[in-house]
Every structure is written in C-alpha cells, then in structure tokens.
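> Could you work out the structure for the sequence below:
(3 chains)
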Amino acid sequence: MNDFITLSDLPDFKQTLDLAMDFKKNPYKLSSLGKGKTLGLLFFNPSLRTRLSTQKAAQNLGLSTMVMNFSQESWALEFEDGTKMSGLRSEHVREAAAVVSQYCDMIAIRAFASLSDKVKDEAEVVLRSFAKYASVPIINMESSTAHPLQALADAITLNEFKTSHKPKIVLTWAPHPKALPHAVGNSFTRMVGNLDVDFIIAHPKGYALNPEITKGVKCLTNQDEALDGADFVYTKNWCSYEHYGQILRTDDKWMITSEKMELTNNGKFMHCLPVRRNIVATDSVLNSNNSLVINQSENRIYSAQAVLKQLL
Amino acid sequence: MNDFITLSDLPDFKQTLDLAMDFKKNPYKLSSLGKGKTLGLLFFNPSLRTRLSTQKAAQNLGLSTMVMNFSQESWALEFEDGTKMSGLRSEHVREAAAVVSQYCDMIAIRAFASLSDKVKDEAEVVLRSFAKYASVPIINMESSTAHPLQALADAITLNEFKTSHKPKIVLTWAPHPKALPHAVGNSFTRMVGNLDVDFIIAHPKGYALNPEITKGVKCLTNQDEALDGADFVYTKNWCSYEHYGQILRTDDKWMITSEKMELTNNGKFMHCLPVRRNIVATDSVLNSNNSLVINQSENRIYSAQAVLKQLL
Amino acid sequence: MNDFITLSDLPDFKQTLDLAMDFKKNPYKLSSLGKGKTLGLLFFNPSLRTRLSTQKAAQNLGLSTMVMNFSQESWALEFEDGTKMSGLRSEHVREAAAVVSQYCDMIAIRAFASLSDKVKDEAEVVLRSFAKYASVPIINMESSTAHPLQALADAITLNEFKTSHKPKIVLTWAPHPKALPHAVGNSFTRMVGNLDVDFIIAHPKGYALNPEITKGVKCLTNQDEALDGADFVYTKNWCSYEHYGQILRTDDKWMITSEKMELTNNGKFMHCLPVRRNIVATDSVLNSNNSLVINQSENRIYSAQAVLKQLL
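So this is what the prediction gives:
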C-alpha cells in the first residue's frame, strides 16, 4: 500500500480488521516500530476524534507526531497547475507536499468537501495533489468523499457487537440544520461490502448517495420499513448528492427516536459523531445502553493503528 | 482523588506540598511513571504559563501530551441537557467528554468565567460537565471560580521564601482596565487556609470576594493598613463579585508602588501573571529583588507534577 | 554561543557547516543528547518549513518540543519599557521571556518585520527583548532582518551541488505582489561572505538591500548581465529598503524564466520557499531538474540540528 486514501487501498480488508482487533487487545505490542519516524497531521478543517485518536495510535507505535492546522498556521495553498499565483495563495501544493515529505515519514490529511463544486470534490483535489507530489505515504483523515478510518473503526465495532452470523444493518439518513458531506455514508457503504451482512440504505427522496457507490445496495425511501428487524442502525446526515450541497428538508420525521428503535431487533445505534442531540437522534436513543457511539470512537485508535502499521 | 477541580480534592494538602517540593529537587525521579499514558490539555481560553508548565510537568513524569485549543480546532460544545441542538453548537459535552476519555488517561481543562452569568459561572458548567461525563480524571487549569494549580505553586513559593514561623500575608486587589475573574483570589484564599499564617484581604468597597470563600478571613478596605508589616503582598485584580462582572473604578490608588511596599516588613511581592505594568504594580516593584513572580511561575511545574503524580 | 540570532553568533561557520553535513549522514548519532530537555517554539507568524524542520531537528537530538502560536494562544505582548499597560497588551516581554525560560531549555522564535517602521525592525525588538530577558538561549526562526537557519541550510545545499572550486552565485530580486521582508536576502548575503565564491546581487533600481550588509558585494541592476555564467541563481523578492516597505514595481521583467536560466552555466535554481509560481519564477524553472528548492528545504533539518547541538 503506497497511500491510504480509500478502503480499497488496503491490501486485505479482513487482515487489517484482524490487526486492528489485535492492537485493541495489546496496544503496545509494536511500541518501538515507529522509533525515529514521524507522522505529520495536517488539518484543513476542525477535528476532535480524528485529531486525538490518530495521535494516540501513532504514540502506541512509537511514532513522533507533528500537528499543523494548515490554514491558520501556514500559507494558503494553490492546487491549480499553471496559474499565475498573484492572489491570496502563496504556496503551491507541489512544493508544500514535497517539503513536508522531507520532515515526515507519513502525512495524514483532513480536507472536507466544499459541497459547492461536485467535480472538484469528487476529484479529491487536496488528497490527490498531496499524494501526487509527496514522496511519502498519505493517509486520509476524512476527505471530500471518503472517511475510511471511520469506516474501519465501524467495522471493528460491528464485529464486536454482532450477535448473529449475518446481521441486518441499516444506514439511515437523518436530518441536520447544516449541509454535511457524504464521506461517512460513502465509506460505510464501501466497508459493509466486505462483510457478510444484510445491508439497506434508507433516505428520503432526493437524498440518494452517489449511485456508483450504492450500486447493488438495496435503498428504501421508507425509514420504518428499513428499520424493521435491524440489528444495527447507523445514522448519519448528508446533503443532497443529486442537488449537490442542498438541504431539501429539515423536519423531524427521519430523526431516530426510541419508538423507531422499537421497530428493530433490539438494534444497536451507531453514529460517527459529532451528533446533534434531538435533531439527528433523541437523547433517549443516545443515552440508551444500545448506543455504540463511544465504542466507535474508541475503535478509531485501533483502525488508525492498523493503517499506520501497514504503512510503516 | 478522582478529579482535581479544587484544592479540597487533594487527599492531603501538606503531603502534596511536600511532594511538589521534592519534585523541584529531583524533577525526573519518576520519569517513567507515566509511560504509555497520555494527558490531554483542552484550552477554551488563552494560556502561557499553564499551557507550558503543565506540559513540562507531564514530560517530567514520562506522560505523552496532546494539546487542543478546543474552540478553534474542534466543534463548539453544547452543555445544556435536553436541548434541540439546531444552533451553532454541533457536539454535546456528553459525547465530547466520553470520547476524549477514550484517548487520554487524564484531561486538563481551562475554561474561564463568563463574568456575565454568576449562577452558571459558580456552577462551573464546563469543568463539572466534563467531570460528570468523562471516565478519566479531570484537572482544573483555571475554571470560572478556581485556579488551584496556581494556588499550589504559590504555596511552594511562600514556603521557600518565608523567614518567620507565622508570616503575615496580604492579598490585595489592584486596578485593571478589563473585568477579570475571581479564580486566583478564591484559590489563594482557600490555599492559605491550610497554612499557619496571619492572613488579610484588602480591597476597595464593592470588591469583596464571595463571602463563602472569605468566611473567617479578616478583610480591610484600607490598603495601607493591610500592608503594614506584611511579609508577602499577593496582588491581583478581580471584578466586582456583588455587582457581578462590573468594573467599579480604574484609578491608580490601589496600584502597588515602591512607597506602598515600604509599609511592609521588607515584604515579598507576588502575582500570578500576566501582570499589566504600571497599572497593577509599578515597574520598580516588579523589577525589585523582592518580586517573586518568576519564582511563582517556575513552581507551576512542580504543583502540576505533584497533582499529576497523585492522579496517575 | 549564548544565543543564535545571526550567523555571526556561530563560534565557527565552517565547523557548523561540517556538523550539519555530518548530521545529514547520521541524523540520530546524538539522539540522547537532549534527553530531559525541552525546546520551546514561539510563532508570531505563519510557518511551514521552519515549524516542522526545527521540530524534526529537535526530535533527532532527543529534545522534547512545545509549540506555541503566541499571538493566538497566549497574551498580546508589550515590548516598550516604562509604559502604562492600559491597552490591548496584557503581558510584558520581561515577564514572558523570563517565564518561558522556566519551562524551556531553549526558545526558538519567529517574528517577521513590520515593514512599516524601519528603526524598530532593525532593532529586532522581539528577538532582542527575548534575548535580554530570557535566561536560556534564543534561536532565530526568522526575525525582521535575518533568517540564519535558512542561510545555513543554503550553505549546505551550495556545498552539495557546487561543481567548481569557486562557483559563481547570483542573488537576484524577483517580483511579488506583497511587500516581503529582507531577512532571507540579508542572511544569504552574510552567509556567502564565509564561502570562496564569486557573488553578485542583482536588483532593479530602488531595491538595493541595506548597504551595511552588501558592503563590498558587487551589485548590478541588469539581471541578464548578472546571470551570465552563473552556477547558482538564488531568487527572492524583497520590498524596497530605501523606500522602506514599498513595492515599486510588479511587472514580470525580473521573473526567472527558462530563457534567463539559459544565460547561466547550467545554473542551479534556488529559493527559500514559499514561492509564487509564474510570478517569482516560471513553472518550467521550478519543475526543472536544476531546481534545488526541495533540497534546500530538506537541509533545514540539519542546519537547525547543528545549531541546537551547539546550544545544548
């Protein structure tokens, strides 16, 4: 694996999952592996879980870390080729990526979708430019269209809490006051493709994910029907993909409530966080014993550790 | 001790003080104690001394550290229970505190008083919410009403520089152009209650600290009378507690000058810093050999180290 | 050496250069030298290369690091003596420098020129004040008038890529839409004075550097004439020194192009970065095999490591 930009970069999904579960049992088993090496973490957007869990994973492997909030602490970057750089952007990614490669043995990057330019977002300009011009591996800490470290943590969590051989998993859209990216929904869908499960996506009309990603997946626009008998309910908002970046509705009908959870097979509730309480899901759902959101966040350490290990 | 939110959380003040003085003599005596463990430092406000001294204390104990400027680098937090989170706050402290607990073995937090809402400030919403929802110890790096790491450092400094068995200590209000919190004054007063000293608080009318905290303490509104024969003059501004958050006067009459220091028993000058020169105290006082302000800042390392050690 | 503020602080330039080249061959040869010691990095301005390379150099020597974006994370500093601090600046550098010295064994500082007040800029108020009031060594990570860590890295690069005993080096001004400081040009000129080379500075009329620094150096206002037969072309913009802080022209005539590089002796292209493409130099120049800009950035590690080693 040269870079970890999407789940498909992993040489073997199952082995990665096993490695992550193994690190969870024994986090310090390779605590000298990264000695003398450095992971750079570059943030173009806010981060709590990703920021801390990726650092923690690096520490567990003996890696040094250097964290940068790129936009505030450094120079605004130009990503277009051939431009006359007379504006606000004072450094080109060609130099920035090559330079950071001199100081770091791996570079992890967070760069959210603009949600205003579908073509640019899908081109993954920031991640792909860094991958092109860096001489060291690039790690995706959430890009425009993918959040594979989250999806891998979710796979660990599903593995830990499944009670049947072929559980039913529902990924359901939920309301949100702000336009949010598709990255988590996309990567969760891709990840589930590696598991032996019964998988359904539920979303209101106009909120279908990228059809290339959901190809072959059963999609319903009736949430109740989807939730029926579910073992896991993975909830997440995203803005419209078709009417790119738009919010088509903000009513509460798709919020996950205790009543809706009663339609499930004593289903576990999952969300990548941060979650807006009483908008995406009610307090009663988030506070219930069936909520796995904190478990998911813990597993972010081990998903990152398994990826870092394979890139070292 | 589960958390260190106020001085009264310490199992034994005297033993903590001895431990701190011991670390000052031998900072690295337990340099492997924290190996494999991580201290998270979350800042909701600016910080110089606290930021660096707490990191340094952690390093002395072999702890890894992760520093976050929470407001800028992460999501705005909701602290109210039961709200419909449709506004600017995109994560609830319930999740944030539980999540950070997955990555850190201890969480240190700085969250200043609003000075606009006395009830909320006294409820210590940020610190108490983190303590409630975190599964690891919380450390106060200055909250609305207390700054116990500063008070413990001040105790070390008093111990080092006292020349009599029962020194006279004066905590005196001083002017300041901005409304400042009561945290330092409160914790200093609480801390002094553990020492065998003659203690007086001096402040202008309208500037009495919270009477619950000053219960049993001699308070004067005549600064000169208070300073008479003092061995230590601890100077600090705070806004009005009674007229909460207000600045009632900004004249120079209460500024500490060399002339005022002459009323003392060759008294030592103390201040927690940052200090506005020629507003709170004159250059001549701050530059004199009797100023202990830098010694106080050095002792911040050892007060933090003694607290971290006991929480490990 | 007490501090490293300019190249002339080095006890021996040649030995420092040899030490840096030696670290490049074996970065970890003194990886325990800094054990238990801490380097503080204080940034008053943005930074990419300096931020990461100096941290990396410290890690190579086993030093702990603490990074602060001073302006945002701490208090605004007052540098004037004797003022009544009633404004926005809430801490004086006297205290700040002395306090940071309690927590750090060395303090590295970046503080750019204002470009509005030549007298203050040349007095190097930030660096010199810290040096005056700190009790530990100060390291210049680019000040108003000097960038010696960059110059030392450039010396390594020149050494690595020279093909003749006495190469011809041209430092040429180039256009830029923003007013930039003279620090890099100054330090490069000072550094070259230690080498056995043929050195020319080229700049348009009105863009002469400080004549004290260029004393004895051949300066031309004809770029083509200067480039003739050059082995190294070091390109950098700076604003007018005479008309301090002003931009006198923004046309492309002084931009480095492939055509201009053809005037040279198969010359190598150098720039300290960040560089605005197609403003300072064309894509063709920056993308050519003769560009050394990434090599220069790599050598920032070893120039910093050689300085830190000598201060330890």
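> which SSE is the residue in chain A that chain B sits nearest to in?
Closest to chain B within chain A is A:P274: 3.5 Å, counting by C-beta to the nearest C-beta. In short, each C-beta sits where N, CA and C put it, glycine included. Using DSSP states H and E, A:P274 maps to neither a helix nor a strand.
> With A:G185 instead?
helix A:183-192.
> residues making contact with that helix?
Contact with helix A:183-192 is made by A:6-8, A:13, A:112-113, A:142-148, A:150-152, A:154-155, A:169, A:171, A:173, A:199, A:201, A:209-210, A:213-214, A:217, A:234, A:236, A:238, A:272, as judged by C-beta atoms under 8 Å, 6 or more residues apart in numbering or on different chains.
> The helix or strand containing A:F199 pairs with which strands?
Using DSSP H and E, A:F199 sits in strand A:198-202. Under the criterion DSSP bridges, strand A:198-202 sits next to strand A:168-173 (parallel), strand A:218-220 (parallel) in its sheet.
> quick check, A:V233 in a strand?
Yes - checked against DSSP: H, G, I helix; E, B strand; the rest coil, A:V233 lies within a strand.
> which ones are touching the closest residue to chain C within the stretch 201-312 of chain A?
For the stretch 201-312 of chain A and chain C, the shortest gap (C-beta to the nearest C-beta) falls at A:L312, measuring 16.5 Å. Contacts for A:L312 (C-beta under 8 Å, 6+ apart) come out as A:33-34, A:37, A:61, A:63, A:105-106.
> What subset of the residues you listed is buried?
Buried members of the contacts of A:L312, counted by 16 or more other C-beta atoms under 10 Å in any protein chain shown: A:34, A:37, A:61, A:63, A:105-106.
> If we look just around chain C, which residues of chain A are in range?
Contact residues (C-beta under 8 Å from any C-beta of the partner chain) of chain A with chain C: A:36, A:38, A:40, A:64, A:66, A:68, A:72-75, A:78, A:81-87, A:90-92, A:94-96, A:98-100, A:102-104.
> Buried among the residues you listed? Make that a PyMOL selection.
With 16+ other C-beta under 10 Å as the criterion, this PyMOL line picks the buried residues out of those:
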select buried, chain A and resi 38+40+64+66+68+73+74+75+78+83+85+90+91+92+94+95+96+98+99+100+102+103+104
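> Looking at the residues of chain A next to chain C, which are in strands?
Counting by DSSP state E, the residues of chain A next to chain C place A:38, A:40, A:64, A:66, A:68, A:78, A:91-92 in strands.
> quick revisit: TSV for the contacts of A:L312, including pLDDT?
Compiled in TSV, the contacts of A:L312 are given as follows (pLDDT from 0 to 100):
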residue	pLDDT
A:L33	97
A:G34	96
A:K37	96
A:L61	98
A:L63	97
A:D105	98
A:M106	98
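> Distance to chain B added to those, as JSON lines?
Below are the contacts of A:L312 laid out as JSON lines (distance: C-beta to the nearest C-beta, whole Å):
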{"residue": "A:L33", "distance to chain B": "14"}
{"residue": "A:G34", "distance to chain B": "13"}
{"residue": "A:K37", "distance to chain B": "16"}
{"residue": "A:L61", "distance to chain B": "12"}
{"residue": "A:L63", "distance to chain B": "11"}
{"residue": "A:D105", "distance to chain B": "18"}
{"residue": "A:M106", "distance to chain B": "18"}
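> residues in the stretch 151-300 of chain A within reach of chain B, list them.
Counting by C-beta under 8 Å from any C-beta, the stretch 151-300 of chain A sits next to chain B at A:177-178, A:273-279, A:283, A:286-287, A:293-294, A:297-298, A:300.
> What ranges does the stretch 51-200 of chain A have for its helices?
A:70-73, A:93-103, A:118-123, A:125-133, A:148-161, A:183-192 (DSSP state H, counting those that start in this stretch).
> what inclination does the fourth one have with respect to helix A:93-103?
Put plainly, it is helix A:125-133. Here the directions of helix A:125-133 and helix A:93-103 differ by 60 degrees (axes from the mean of the first three to the mean of the last three C-alpha atoms, to 10 degrees).
> A:W75 touches C:T50, doesn't it?
No - using C-beta atoms under 8 Å as the test, A:W75 is too far from C:T50 to be in contact (11.8 Å).
> can you pull the contacts of A:L127?
A:L127 sits next to A:5, A:109, A:111, A:138, A:140, A:143-144 when contact means C-beta under 8 Å, 6+ apart.
> Now it. Nearest residue, chain neighbours left out?
A:S143 (4.6 Å; C-beta to C-beta, 6 or more residues apart in numbering or on different chains).
> Any chance you could list what contacts stretch A:86-96?
Taking C-beta under 8 Å, 6+ apart as the rule, stretch A:86-96 contacts A:74-79, A:85, A:126, A:129-130, A:133, C:48, C:177-178, C:273-277, C:279, C:286-287, C:293-294, C:297.
> Just the buried ones from those?
Buried, going by 16+ other C-beta under 10 Å: A:74-75, A:77-79, A:85, A:126, A:129-130, A:133, C:48, C:177, C:273-277, C:279, C:286, C:293-294, C:297, out of these.
> ok, so of the ones in strands among the residues of chain A next to chain C, who is nearest chain C?
So of those, ranked by how close each gets to chain C (C-beta to the nearest C-beta), first place is A:E91, at 3.5 Å.
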